[in-house]
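Asker: quick one, what's the 3D model for this:
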Amino acid sequence: MRGSSMQVESKFTIRRVVGAVAVAAATVGGAALISPAIASAAVTAPEVTFTVDGNDMSLTVVNNNSTANGALAPRCQALVVNALEAANIADDPSKLLDPTVVVYPHVADLQSLFGVPAGETVTMPVADVPDGMYAVIGACIDPTVIPIKPAFGTPQLVTIGNPFGGIDMGSLSGGSLEGLLSGFLPK
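Answerer: Below you'll find the model as predicted:
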């Protein structure tokens, strides 16, 4: 009787293994059908230009990524970030969700974070940026690749307002070093 009991257990074990393999194969095959172009092209960072007028900025983002995946094509954004954190963002993209690091955009969801579709150029006004030193960085994501790993452009440093808090830096007009150091030199 013991031999037939082992034979039944072996049949159930074989069925479980075959079932698990079938589920795994179906999952892999389904993923390939849903996103066949995942590895077809690398996502590239967008072209970003900006202008500054006092404490206001105008950011222009050009997303040159392929539109082949339609709604699932790479999406991009221009980010205005605390200059001290700019280098850390590539290593830890979760910093993009930290309002002490990112000044623009105001992140509410994926659409607001990466709102420029592939093949489009968008210009965005950014008003009332606090005085400070910032980096403007372009970034794109491919929403079909998990985990999401943004493609970042080279940070461009920008000074907004007067980050030195009203310190009179003097004047260099006429090439005068004395004018620059006038607030520090005794009279």
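
Asker: tell me what residue 78 is bridged to.
Answerer: With DSSP bridges as the criterion, residue 78 is bridged to residue 138.

Asker: does it touch residue 45 like I think?
Answerer: No - using CB atoms under 8 Å, residue 78 is not in contact with residue 45, being 10.3 Å away. C-beta coordinates here come from the backbone N, C-alpha and C atoms, glycine included.

Asker: out of those two, which sits in the busier spot?
Answerer: Neighbour tally, residue 78 and residue 45, criterion other CB atoms under 10 Å: the higher count belongs to residue 78, 27 against 19.

Asker: now do the contacts for that one.
Answerer: Listed by CB atoms under 8 Å, 6 or more residues apart in numbering, the contact set of residue 78 reads 46, 48, 50, 59, 60, 61, 104, 124, 136, 137, 138.

Asker: and with 7 Å instead?
Answerer: Contact analysis of residue 78 by CB atoms under 7 Å, 6 or more residues apart in numbering lists 48, 59, 61, 136, 138.

Asker: give me the distance between residue 45 and residue 90.
Answerer: Counting by CB to CB, to the nearest Å, the separation of residue 45 from residue 90 is 11 Å.

Asker: so what sits against both of these two?
Answerer: Here residue 45 and residue 90 have residue 152 as joint contacts, going by CB under 7 Å, 6+ apart.

Asker: wait, residue 142 sits on residue 73?
Answerer: No - Residue 142 is not in contact with residue 73 according to CB atoms under 7 Å; the separation is 8.2 Å.

Asker: thinking again about what came up before, can you flag which of the contacts of residue 78 belong to strands?
Answerer: The strands, defined by DSSP state E, take in 48, 59, 61, 136, 138 from the contacts of residue 78.

Asker: just flag the most distant two among the residues you listed.
Answerer: 61 and 136 (10.2 Å; CB to CB).

Asker: give me the beta-bridge partners of residue 61?
Answerer: residue 48, residue 122.

Asker: do a quick rundown of the strands in this structure.
Answerer: Counting by DSSP E, the segments of the chain that form strands are 47-53, 56-62, 75-82, 102-104, 121-126, 132-141, 151-152, 156-160.
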